[in-house]
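Asker: Here you go, sequence then predicted model.
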Amino acid sequence: MLEIRQRSGPTVTPVTTPFLGYSMNTSLVRPSALSSRRGIAVAAATDAVLVACDDAEALLSTSERERAAAFRRPSDRRDFVAAHALVRLCAAAVLGEGPATLAVVQCCERCGGAHGQPVLADRSGWHVSLAHASGVVAAAVAPAGVGVDVEGLDTARFAHGLPATVMTADELARVTAAASSGEAFLRVWVRKEALVKLGVADLDRLARVDAAASFPELCWLDWTHAAPPAVASAVSHEPLELVSLDGLRG
């Protein structure tokens, strides 16, 4: 039997801080305030998710377990399992169901492979997204299309010239002028990845998309995960609420 372990979390004071023109959100919704029709997003340490679930891998489908087993590095395998477990915890919290009852399916529109945008099977009207980086994972669920991404605070990619290929001229100027160019770049990058997952942007044309201005009608959450240090972003056509891993279980 799958056991979800519950722990009490700290109170978080709402704070909004501008960053690159984004409104940084650190206000967590209390479990009792979760709306059955409001989308949520969460980021958590891989280890924390695996500890919260007595057997996280038991939540996964056969296809997901096969994909997990294909990773050569154990750490990558753990990140994958944790992300796929976390998206079920998110959906379970909103739908009021057990995570073990929820099936997440992925099928690439191009090749038919078991990857691509995840879909919550047999739950029409609900959309999910997930992401994993080194030691940290994120997930979101919403009654409209949704995309989420998370990245560890590693500045190496900024130094390797990637920003110029994926950012507009205005974005590049803002990032270059930032006190921490590496973090600033990652803030832009997670937003663009979230847009791709939402289906409104394409990886091949990210340099034409301004993550702050191109889609003013969309609803954003941008936040920082403390340990391990990471930045995350979630986007949807409807408002999203930020919750903690502990908050998912009450």
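Answerer: Nice, thanks for sending it over. Since the structure is predicted, the reported quantities are computational estimates derived from the model, not experimental observations.
Asker: Report the distance from the longest helix along the chain to the chain centre.
Answerer: The longest helix of the chain (DSSP state H) is helix 74-95. Computed by C-alpha atoms, centre = their mean, to the nearest Å, the separation of helix 74-95 from the middle of its chain amounts to 10 Å.
Asker: Tell me which helix or strand in the protein has the weakest average pLDDT.
Answerer: Least confident helix or strand, the chain: strand 16-19 with a mean of 46, by mean pLDDT, DSSP states H and E.
Asker: isn't V137 right up against V150?
Answerer: Yes: using C-beta atoms under 8 Å, V137 is in contact with V150, at 6.8 Å. Glycine gets a C-beta too; all of them are placed from N, C-alpha and C.
Asker: out of the two, which sits in the more crowded spot?
Answerer: Taking neighbours as other C-beta atoms under 10 Å, V137 and V150 compare with V137 leading, 32 against 27.
Asker: helix/strand/coil for that one?
Answerer: Here V137 is recorded as strand under DSSP: H, G, I helix; E, B strand; the rest coil.
Asker: Let me see the contact set for the nearest residue to it once chain neighbours are set aside.
Answerer: Closest residue to V137 apart from its sequence neighbours, by C-beta to C-beta, 6 or more residues apart in numbering: A83 at 4.0 Å. The contact partners of A83, by C-beta atoms under 8 Å, 6 or more residues apart in numbering, come to V49, L130, A131, H132, V137, A138, A139.
Asker: if you set the cut-off to 10 Å instead, what comes out?
Answerer: 44, 46, 49, 56, 118, 130-133, 136-139, 148, 150 (C-beta atoms under 10 Å, 6 or more residues apart in numbering).
Asker: closest to R88 among these?
Answerer: A139 (8.3 Å; C-beta to C-beta).
Asker: now that closest one: how far from A48?
Answerer: From A139 across to A48, the span is 13 Å (C-beta to C-beta, to the nearest Å).
Asker: So between those two, which is more surrounded?
Answerer: Neighbour count, other C-beta under 10 Å: between A139 and A48, A139 has more, with 33 against 19.
Asker: Isn't that one up against G39?
Answerer: No: contact between A139 and G39 fails when scored by C-beta atoms under 10 Å: they sit 11.1 Å apart.
Asker: which residues are common contacts for these two?
Answerer: Residues touching both A139 and G39 by C-beta under 10 Å, 6+ apart: C90, V128, S129, V146, A234.
Asker: would you list these in JSON lines and tack on secondary structure?
Answerer: Converted to JSON lines, the shared contacts of A139 and G39 look like this (three-state DSSP):
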{"residue": "C90", "secondary structure": "helix"}
{"residue": "V128", "secondary structure": "strand"}
{"residue": "S129", "secondary structure": "strand"}
{"residue": "V146", "secondary structure": "strand"}
{"residue": "A234", "secondary structure": "strand"}
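Asker: can you give me how far the strand or helix carrying E66 is from the chain middle?
Answerer: According to DSSP states H and E, E66 maps onto helix 62-69. Here helix 62-69 is found 20 Å from its chain centre; the criterion is C-alpha atoms, centre = their mean.
Asker: other SSEs contacting that helix?
Answerer: Applying 3 or more C-beta pairs under 10 Å, 6 or more residues apart in numbering; DSSP states H and E, we find helix 62-69 packed against helix 74-95, strand 104-106.
Asker: so where's the chain uncertain?
Answerer: Applying pLDDT under 70 to the chain flags residues 1-37, 106-116, 155-160, 249-250.
Asker: closest to W189 out of the helices and strands packed on helix 62-69?
Answerer: Minimum separation from W189 across those (C-beta to C-beta) falls at helix 74-95, 17.6 Å.
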